[in-house]
Each structure stands twice: as C-alpha cells, then as structure tokens.
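Visitor: mind folding the following:
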Amino acid sequence: VAEGLALASGVKTALTLYYQETGGFPEVNSGEFAKTHELLGIAAPDELSGTYVIHIRVQRNNGAIKVKFRDDAPVNGLIRGKRFELQPVLSSDVITSWTCVNDELATDVGPGGNWIDTAYLPSSCKP
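Guide: Below you'll find the predicted structure:
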C-alpha cells in the first residue's frame with residue numbers, strides 16, 4: 001500500500017498546483033483519464049504503476065486520486081484488485097489536505113466496490 005501512496009504523492013502536488021492556478025479541477029468527459037492527466041502535466045494512468053499498483057487515475061471534476069492494486073502475484077491476496085482514493089479537502093478555495101477513502105467511507109462498498117479494508121492502510125492514510 002505504501003507504493004500507492006508514494007506514486008500518488010507527485011499526483012497530489014500536480015493537482016494542488018492546478019487547482020491553485022485555475023480555481024478548479026480538470027473538467028473532461030467521463031472516462032477520459034488520459035486527458036485529465038495531460039491537463040495536469042502528469043504521466044498517463046497506466047504509466048503511474050509499480051510492482052503492486054496497476055494504475056493511478058485522477059477522477060474528473062472532483063480531483064479524487066484512485067489508486068488500484070494489481071490482481072495477481074506478488075500482490076498480497078488481502079489487497080489484490082482492491083483500491084483506495086485520496087480526496088482533496090478544500091478550505092478557502094485551497095487544497096489543504098487529503099482524505100483517504102476506503103471501505104469505511106465509500107458509498108459503493110457492496111459487491112464490486114473493491115475497496116481496501118482500513119486495516120491495510122498505513123497510519124498516515126487512516127480516514
């Protein structure tokens with residue numbers, strides 16, 4: 001899970017700067033993750049990957065950063081194919097911090113939600 005947080009750190013910086021400069025999040029059509037990443041000046045979603053992370057995607061229009069884990073070895077079975085999100089917290093039109101969203105805070109926790117269990121998040125990312 002630490003790999004996902006490390007890969008997302010540069011994305012958080014790019015998103016924070018974009019928001020500061022434009023006063024909003026990238027607005028693109030649904031599913032156009034590559035376009036969102038292009039507007040932010042960051043690598044394409046599938047290029048933001050590692051040994052355990054299959055991709056990182058910035059969600060359109062709200063700035064949420066979705067970190068998704070691979071669905072095969074060497075990823076531990078407890079997090080295979082699971083995800084978590086980092087959502088920006090705004091105060092006075094500035095991103096002041098990030099909230100981790102997982103199985104406890106997600107609205108689509110049911111079957112197919114594929115949210116990571118809170119127990120597997122680092123302490124720095126507890127909701």
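
Visitor: contacts and neighbour counts: CA atoms only from here.
Guide: OK.

Visitor: residues contacting the spatially most distant residue from the centre of the chain?
Guide: The outermost residue of the chain relative to its centre, with distances by CA atoms, centre = their mean, is S92 at 22.6 Å. Contact partners of S92, counting by CA atoms under 8 Å, 6 or more residues apart in numbering, are absent.

Visitor: just the pLDDT for it.
Guide: S92 is assigned 87 on the pLDDT scale.

Visitor: look up how far Q20 lies from it.
Guide: 11 Å (CA to CA, to the nearest Å).

Visitor: can I assume H37 sits in a helix?
Guide: Yes - the assignment for H37 is a helix, going by DSSP: H, G, I helix; E, B strand; the rest coil.

Visitor: burial of it, as a residue count?
Guide: If you count neighbours by other CA atoms under 10 Å, H37 ends up with 22.

Visitor: quick one: the helices in the chain?
Guide: Applying DSSP state H to the chain gives helices spanning 2-22, 33-40.

Visitor: for those, which one ends up most surrounded?
Guide: Stretch with highest mean neighbour count among the helices of the chain: helix 33-40 (a mean of 19; mean count of other CA atoms under 10 Å).

Visitor: many thanks, have a good one.
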